[in-house]
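Novice: Okay, predicted coordinates and the sequence, questions at the end:
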Amino acid sequence: MNLFDVIPANFFNLLSSQSNGQIYSGALLAIYKEYEHEISYRIPRERIRDAVAVYLLDNHVRIDDPDIQNEASTGDIASAILRKFASPEVGWLTDEIDDVTYGHNIVMTEAGIRLAEFLEQLMKPERVEFSSFIFDIYNRLENENQWRDNPYVNALKAVFRNARSLSHALKQLSTFIRDIISRMTKEESMESLTENILGYLSGDFIKEYARLNKQQNIHIYRTVIIGKLQKLEDSKAISQRMIADCMKEEDVDEAAAHNLIADYFSLTKKFLREDYDRIMHEIQHKITVYLQVAVGRARFLQNRDPNTRGYVEQTLKYLVDSTEELGMKDLVPEDIQSLFAIETYDFINLSSLHYPGKARVIKKSEETEYVTISDEEMAEAMQRQKEAAYNPYSKDQMKQYLESQMKGSDSITSDQLPMERQDQLLAALSSVAYGKENGFDIELLDGYGESHGLRLRRVLIKRENG
């Protein structure tokens, strides 16, 4: 089938326009959002026109299109955009007249809906819970009531789709990790390196993978699933019903239905037996490579610029803590685990060795007189030690500092923290460093601030339950 036998010839032209592509895609998404809480993709034209007009006003849009006059009102421009979207040459929308009210309704075409969904997926990829695919397959096969009436559609085809979706999702994850590793090798500053690590470890996809990897009984599920699939395939009665259901569902003859069912069984079992393990092994290997690159780049930047030492150590600590929390530290080979030691180790060479001399001979005994101090003197000595060990930037002190600065509110930005004096700058940095441990969420904001010759990334500090 030719693609343009299904959709209009100019279906993609509005997106390829260099000057208006962003405007038209934004308008389409604004229209798509209006249908989010409706029971159908049919809404009065006035409401859709107003939604497009609001989008144009909010984004200060000016369209370079000879068919649209920018001198007209925003409502007129929005109406012109709707006419363009609903034209036979584009086909994103359909303008219909209601049989009862005789008013105009805007209906999204099936191709227009798919296009809007595709644009949303590109802008913000949907979270994938990898383990749900396995559990859905298992629960479906375990409960015969779910597929007894139509074993082809409700059992075999549904299982095949879940297995294929899991395969695609895992391969996408593998690609994402490869892209991140590629970006890591090009990092030139501590700020960009830190953002990369934060984005990777805070990303939804790695959390879902960690949950899948930590489910030790996944192997048991796979074994049971393969056994149930084999039992279905060996059953002559069920196989005959599947062939009949497949002929009706897919509109094919008996031979084609038989081949299609055989392919579904074969491909699903092959994925569960072989491909799953190979994909997981590749992902684990790439995670190991990523951790090596991340730590190596951090060490390199630390050695190149001593001023970034504090940022590097904090980044490494976050990296180590996150790998332990997500259960990924077990994936790191023993020969590189020393890279994750954030303490400083000095090396020993010949010039640092002290060769012992001859043992001294004691010629005369000496006596040492012991002095007993009072309880008061001991208390004074302990107080002096406490004062000497007092850290004004400790974790507990920084929690109290943030509470005093937030003054009961749920959030505060780094711009609101005083940094005029050096001690205030240190307090601000320490409060952000201990933020997570003290029960606050730290979110990166756009832009940087400067204080005492340092360029600092802007952050938002929020209470975790705020």
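Specialist: Received the coordinates, thanks. Numbering: from 1, shown residues only.

Novice: which strands and helices sit next to the longest strand seen in the chain?
Specialist: Assignment by DSSP state E gives strand 440-451 as the longest strand of the chain. Strand 440-451 is packed against helix 190-202, helix 422-433, strand 454-463, with contacts defined by 3 or more CB pairs under 8 Å, 6 or more residues apart in numbering; DSSP states H and E. Where you see a C-beta, it was placed from the backbone N, CA and C, and this is true even at glycine.

Novice: List the buried residues of the helix or strand containing residue 242.
Specialist: Counting by DSSP states H and E, the element that carries residue 242 is helix 236-250. Applying a neighbour-count criterion of 16 or more other CB atoms under 10 Å, one finds 238-239, 241-243, 245-247 buried in helix 236-250.

Novice: can you pull out the strands in the stretch 301-450 of the chain?
Specialist: Remark: strands assigned in the stretch 301-450 of the chain by DSSP state E, counting those that start in this stretch are 411-413, 440-451.

Novice: Pick out the shakiest of these, pLDDT-wise.
Specialist: Within the strands of the stretch 301-450 of the chain, confidence is poorest for strand 440-451, with a mean of 84 (mean pLDDT).

Novice: Could you pull out the buried residues of it?
Specialist: 440, 449, 451.

Novice: and it, how far out from the chain's middle?
Specialist: Centroid displacement of strand 440-451 relative to its chain, using CA atoms, centre = their mean, to the nearest Å, is 19 Å.

Novice: now it against helix 422-433, angle please.
Specialist: Interaxial angle, strand 440-451 versus helix 422-433 (axes from the mean of the first three to the mean of the last three CA atoms, to 10 degrees): 150 degrees.

Novice: so what strands line up beside strand 440-451?
Specialist: Under the criterion DSSP bridges, strand 440-451 sits next to strand 454-463 (antiparallel) in its sheet.

Novice: Keeping just the C-alphas, turn the partner strand into PDB.
Specialist: Only the C-alpha atoms of strand 454-463 are listed here, as PDB (Å, rounded to 0.1, in the frame of the first residue of the first chain):
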ATOM      1  CA  LEU A 454      32.100  31.500  40.800                       C
ATOM      2  CA  ARG A 455      29.500  30.700  38.200                       C
ATOM      3  CA  LEU A 456      26.800  28.600  39.800                       C
ATOM      4  CA  ARG A 457      23.900  26.700  38.300                       C
ATOM      5  CA  ARG A 458      20.500  28.000  39.500                       C
ATOM      6  CA  VAL A 459      18.400  25.400  41.400                       C
ATOM      7  CA  LEU A 460      15.000  25.100  43.100                       C
ATOM      8  CA  ILE A 461      14.900  23.600  46.600                       C
ATOM      9  CA  LYS A 462      11.600  22.000  47.600                       C
ATOM     10  CA  ARG A 463      10.400  19.900  50.500                       C
END
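
Novice: where in the stretch 51-200 of the chain is pLDDT low?
Specialist: 70-71, 100-101, 125-128, 178-200 (pLDDT under 70).
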